[in-house]
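**Q** Have a look at this prediction, sequence included:
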Amino acid sequence: MNNDIFQGYKGEALEVLKKFNVRVWSHAIIDTTRGKFEGTILPRSEHQDDKHIVVKLATGYNIGITAKNIKSIKELGYKKAHYGIPQKEFPYTPGLPKVKLFGTGGTIASRLDYRTGAVIPAFSPGELYGAVPELADIVNLETEKVFAVFSENMGPEQYIALAKAVAKEIEKGVDGIVIGHGTDTMHHTAAALTFMVQNSPVPIVLVGSQRSSDRPSSDAALNLMHAMKAAGHSDIAEVLVCMFGPTSDEYGLLHKGTRVRKMHSSYRSTFRTIGDTPVAMVTREKITPIKRNYHHRRKDKNVKLLPYFDNRVAMVYYYPGMKPDIIYSLIDNGYKGIVFVGTGLGHVNKAVYPALEKAQEEGVHMYMTVQTLWGYVQMFVYDTGRDIMARGVIPAGNMLPEVAYIKLGWALGQTHDLEKVKELMLTPVNDEITLREPYNGYLVFQGGVPEVEEFIRKIHK
């Protein structure tokens, strides 16, 4: 058989395919030492090992079968699939809002390239319309790719460029902004844009997907539809994160960019508002506000652009037994700001006190947040907190650690004056510090407890 029909296979896996005279894209039954599997044999990523055969099951999920465990393969049929992105001209519909989609490199509305194992982004209006035709019923869409990076590679340089691009589109009169973004650091970017693009007259909505579009359980298309609905039709003119609400596909949630965090590595409902409630629920048909107070959409094109960031800022997660050399190292390497993620009400051990004193002498800006995520820094309660404040560490209220890190970098990008930085840090831009948490702002249920199990049975996860 011609090796071209064994796309990407080599070694043990290739020998098994040749032995049973089976082609890639064959629909086959595979008998193994662990039972029988039926599905389509997929190309193997050229970057992967030579010991597995990849099969797409009828459920749509892909599995890898170890070659040495295969007893036989019987080909039932053959149909080569094409995983390129279909393109259709995105229609213009009078009366629909104009939304600009910026791409940064996330997997939203993409397909898998089985040759490399990577995703192929669907990004032009035509590609997005081909992948999610429902978008044309929601908005008139323009797209622009500003980056093509994994979200862990987003940083100050990208925040600044993205903020400038967003502000430019707002000044041109767009009705809403959507930003496709990888989920891992989406909450960092949401915080950065909250501080850098202030007083926006239109919604700025970040959206991503936990599961790629070739999976039956993908959240990509629905998240994208919800984000477009929010950007084009919502009255909430803030920086928002739009992702699944429950694990099912009933609705999405709009989270405030300064109070949101990714809380699960794989759940589709991974994003949670911390210490508050989400701003709104969103479906393809409507937007239902949850919070009463938010910034409302305006008809002007005015926006306050503050694209500043000093990246000489670190976030230090305290752990028992921490030694001062970590802090000394940051000082010696020229860091100008440190956000501590402290225990309890905002504490670190006495061993680091000399390093705090050194940092204070060097003019390093230091702020305290809490590891609990929910709740407030309260450094007046115990002597420990008072001792830490005396050494220059400033409590940051109920600001989330990642938000405090982003805000300190943004503040230091404008000034290094201790009092001016403190004023910027402790003056809320959009609820990154609140006076109190709502009674339902802290809800962490424990599975196995009778009343929680009853709730889950009656309602849903």
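**A** Alright, I've got the coordinates. Numbering: from 1, shown residues only.
**Q** quick check, Asp49 in a strand?
**A** No. Asp49 is assigned coil when assessed by DSSP: H, G, I helix; E, B strand; the rest coil, not a strand.
**Q** And the residue nearest to it when sequence neighbours are not counted, how far from Ser26?
**A** Once flanking residues are discounted, Asp49 sits nearest to Gly11: 7.8 Å by Cβ to Cβ, 6 or more residues apart in numbering. All C-beta atoms are positioned from the backbone trio N, CA, C, and that covers glycine. Look at Gly11 and Ser26: by Cβ to Cβ, to the nearest Å, they are 19 Å apart.
**Q** repeat for Asn140
**A** 43 Å.
**Q** With neighbour numbers in mind, choose between these two.
**A** More crowded of Asn140 and Ser26, by other Cβ atoms under 10 Å: Ser26, with 22 against 19.
**Q** what element comes up after the helix or strand containing Met228 heading to the C-terminus?
**A** Assessed by DSSP states H and E, Met228 sits inside helix 220-233. Helices and strands here follow DSSP H and E; after helix 220-233, the next one along the chain is strand 239-244.
**Q** what inclination does that following strand have with respect to helix 220-233?
**A** 140 degrees (axes from the mean of the first three to the mean of the last three Cα atoms, to 10 degrees).
**Q** For strand 239-244, enumerate the helices and strands it packs against.
**A** helix 186-196, strand 204-207, helix 220-233, strand 252-256, strand 271-273 (3 or more Cβ pairs under 8 Å, 6 or more residues apart in numbering; DSSP states H and E).
**Q** what is the mean pLDDT for the next helix-or-strand element following the shortest one?
**A** Once the chain leaves strand 271-273, the next helix or strand it forms, by DSSP H and E, is strand 280-282. Mean pLDDT, computed over strand 280-282, is 98.
**Q** Would you mind pulling up the elements that strand 280-282 packs against?
**A** helix 220-233, strand 252-256, strand 287-289.
**Q** For the closest residue to Asn349 other than its chain neighbours, the count of nearby residues, please.
**A** Excluding its sequence neighbours, the residue lying closest to Asn349 (Cβ to Cβ, 6+ apart) is Met322, at 6.1 Å. Around Met322 there are 16 other residues, counting by other Cβ under 10 Å.
**Q** just to revisit the earlier point, give the contact list for the residue nearest to Asp49.
**A** For Gly11, the contacting residues are Asp49, Asp50, Lys51, by Cβ atoms under 8 Å, 6 or more residues apart in numbering.
**Q** just Thr143 next, same as before
**A** The contact partners of Thr143, by Cβ under 8 Å, 6+ apart, come to Lys100, Leu101, Phe102, Gly103, Phe123, Ser124, Pro125, Leu128.
**Q** what's the lowest-pLDDT member of those?
**A** Among the contacts of Thr143, Phe123 carries the lowest pLDDT, at 62.
**Q** Could you export the helix ranked longest in the chain as CSV, CA atoms only?
**A** For the chain, the longest helix by residue count, based on DSSP state H, is helix 156-172. Output of helix 156-172 as CSV, limited to C-alpha atoms (Å, rounded to 0.1, in the frame of the first residue of the first chain):
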residue,chain,number,x,y,z
PRO,A,156,2.0,43.6,28.9
GLU,A,157,3.0,44.1,25.3
GLN,A,158,-0.1,42.4,24.1
TYR,A,159,-2.4,44.1,26.6
ILE,A,160,-1.2,47.5,25.4
ALA,A,161,-1.6,46.7,21.7
LEU,A,162,-5.0,45.2,22.3
ALA,A,163,-6.2,48.1,24.3
LYS,A,164,-5.1,50.6,21.6
ALA,A,165,-6.9,48.5,18.9
VAL,A,166,-10.1,48.3,21.0
ALA,A,167,-10.1,52.0,21.6
LYS,A,168,-9.6,52.8,17.9
GLU,A,169,-12.6,50.7,16.9
ILE,A,170,-14.8,52.3,19.6
GLU,A,171,-13.8,55.8,18.3
LYS,A,172,-14.8,54.6,14.8
